[in-house]
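**Student:** sharing a model that was predicted from the sequence below.
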Amino acid sequence: MTQPCDSPVDLFIIGGGINGCGIARDAAGRGLSVRLAEMGDLAQATSSASTKLFHGGLRYLEYFEFRLVHEALTERETLLVAMPHISWPMRFVLPYHRDMRFEGDTPTSKLLRLFMPWLRGQRPAWLIRLGLFLYDNMGGRKILPGTRTLDLTQDAAGKPLNPKFTHAYEYSDCWVEDSRLVVLNARDAEAHGAEILVRTKVVSAHRDGALWHITTESPAGTRQHLARTLVNAAGPWAEEVIRNRIHIKSTEGVRLVRGSHIVTRRLFDHDRCYFFQGHDGRICFAIPYEQDFTLIGTTDQDHHGPPGDARCTEAEQDYLCAFVSEYLTRPVTRDDIVWTYSGVRPLYNDGATSATAATRDYVLSLDSDGAPLLNVFGGKITTYRRLAEAALVKLAPTFPALGNKWTARVPLPGGDFPYDGVAALTAALKADYPFLTDYWAGRLIRAYGTEAREVLGEARTAADLGRNFGATLTQAELRWLMTREYACTAEDVVWRRSKLGLRLSEDQISALAAFMAEEASRGK
């Protein structure tokens, strides 16, 4: 059944990743009418497959990406203030050894080969320290502590490491729950009047005069839409949208780069992260994850084939295990792996010689031959908010009454508390709901912030929250996710709205899926 066209919206956005949802939130808050269509779940692809970091990109300094690094470093503290429940500071330990090498095709390595050939590709300690000095000072840092030098023979960070590493540098970056960030942006966009459509695929779009005519398909049927402007934020599918759904000739496209990660049982006892440098010039993180695990990643491989087919291959698993085993006293093997994931980064195709060298900066391309079309290429989670502001600068001539930018430091849902207030908020929640364990209360605050109380409602016992699906996931929380956070399947819940898939058995996840299907059939 085909539904008739609604009245035109100002902005129709294709893609429910961080860029699409960030643009939707910003635009709706400036007074534009916005509709967003995502063919699957929010953050189903790239935006839930990151290394979960708000970071400036220390290694991008080697590529002279100074504008990108400055913007990202500036954004770290802006974002910490706006979402203290799903983002927090972390300290990174960068062990140093004189055998470390540059990747061969970076601008920095080429300069050193020219002017200091005796280094033979080595990363000298003075250059790393210079990079960290720039990293500390390029972004107007006020909250995060600066770099310090560690004696690994004395510091706890040295205990898990090979004894050959005797000193390290420790610097600051930030963690973020990437897929929750996307959902909260979508929720805030909706709170400002946007319409968010999940499981809704754009099958075609064409210009007719001053309007875009867009056709979507969803479980509810085919629907026609009208829009004054179309935004293509389809991520890895952006080029496919241009060629096969909008049918516009363009020389611009994306370079698909696969980033794979492995998760193991916890490999070390402290709460700091490791920044490891490989013999091939690549870098790898080992990060405390979900309290009981360690996240290791990422790879950089050109990806061929459908973006949705990205998987962490056995070769990539072996590569990551071997990489971190060069640093750790106890080698990591594939037997230690409890989960893997892989995503495809839709980098702007700048013709770089390698996947690692391809720019991480974003490119916004406006086609004004008729009703405007804005194509979004590339981008990083750290700079998503600035990307959204830049997108609206591009679109401002189309909307003369567009409001001013407004999103900096404005809390996302649940984030209306001080950036250092998680402990106090968790303690207060436990005091008001005494049946919560430490883990349970902490998990709820880290997911929902001040909205955790809305999730729990008037419950006085755990039984008041309804069925327990395992790992503290209750019926009350599940209904919140289904009615307030667009969750439709068990996968949405246990791998994107949370990472409870690491703690639930296959039988428990199957029971959850059956319950959600039954709830959906009832229209609840």
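**Tutor:** Looks like it came in fine. Numbers count the residues shown, from 1 in each chain.

**Student:** which secondary element of the protein has the worst mean pLDDT?
**Tutor:** For the chain, the helix or strand with the lowest mean confidence is strand 2-3, at a mean of 62 (criterion: mean pLDDT, DSSP states H and E).

**Student:** and the next helix or strand past it?
**Tutor:** Next along the chain after strand 2-3, taking DSSP states H and E as the criterion, comes strand 9-14.

**Student:** residue contacts, residue 312?
**Tutor:** Going by C-beta atoms under 8 Å, 6 or more residues apart in numbering, residue 312 touches 260-262, 299, 340-342. Where C-beta positions appear, they are placed from N, C-alpha and C, glycine not excepted.

**Student:** could you give the backbone dihedrals for it?
**Tutor:** The phi/psi pair for residue 312 (degrees, to the nearest 10) reads phi -80, psi 110.

**Student:** gap between it and residue 318?
**Tutor:** Distance, residue 312 to residue 318, by C-beta to C-beta, to the nearest Å: 11 Å.

**Student:** what are the ranges of the helices in the stretch 101-250 of the chain?
**Tutor:** 107-115, 125-137, 178-191, 238-240 (DSSP state H, counting those that start in this stretch).

**Student:** hey, which of those helices is tucked in deepest?
**Tutor:** Of all the helices of the stretch 101-250 of the chain, helix 178-191 carries the top mean neighbour count, a mean of 25, counting by mean count of other C-beta atoms under 10 Å.

**Student:** so for it, mean pLDDT?
**Tutor:** The pLDDT scores in helix 178-191 average 98.

**Student:** now it and strand 9-14, what's the angle there?
**Tutor:** 160 degrees (axes from the mean of the first three to the mean of the last three C-alpha atoms, to 10 degrees).

**Student:** contacting residues around helix 178-191?
**Tutor:** 16-18, 21-22, 24-25, 27-29, 34, 36, 42-43, 47-48, 50, 52, 83, 86-87, 196, 381, 384, 412-415, 447, 484-486, 496-497.

**Student:** same deal with stretch 510-524?
**Tutor:** Stretch 510-524 is contacted from outside by 467, 469, 473, 475, 478-479, 482-483, 487-490, 493-494, 504, using C-beta under 8 Å, 6+ apart.

**Student:** go again with 6 Å.
**Tutor:** 469, 490 (C-beta atoms under 6 Å, 6 or more residues apart in numbering).

**Student:** and that stretch, how far out from the chain's middle?
**Tutor:** Distance of stretch 510-524 from the chain centroid (C-alpha atoms, centre = their mean, to the nearest Å) equals 28 Å.

**Student:** follow-up on the earlier one: how about CSV for the helices of the stretch 101-250 of the chain, with distance to residue 308 added?
**Tutor:** Formatted as CSV, these follow (distance: least, C-beta to C-beta, whole Å):
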stretch, distance to residue 308
helix 107-115, 34
helix 125-137, 35
helix 178-191, 16
helix 238-240, 11
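
**Student:** ok, which of those helices comes nearest residue 306?
**Tutor:** Nearest to residue 306 among those is helix 238-240 (9.2 Å), distances taken as C-beta to C-beta.

**Student:** follow-up on the earlier one: specify which member of the contacts of residue 312 is nearest to residue 460.
**Tutor:** Checking the contacts of residue 312 one by one against residue 460 (C-beta to C-beta), the nearest turns out to be residue 341, at 38.1 Å.

**Student:** let's verify the closest one: helix, strand, or coil?
**Tutor:** What DSSP: H, G, I helix; E, B strand; the rest coil gives for residue 341 is strand.

**Student:** where does the stretch 201-350 of the chain dip in pLDDT?
**Tutor:** Under the criterion pLDDT under 70, the flagged ranges of the stretch 201-350 of the chain are 350.

**Student:** 90 - rerun?
**Tutor:** 249-254, 277-283, 300-301, 305, 347-350 (pLDDT under 90).

**Student:** so who does residue 299 touch?
**Tutor:** By C-beta under 6 Å, 6+ apart, residue 299 lies in contact with 259-260, 316.
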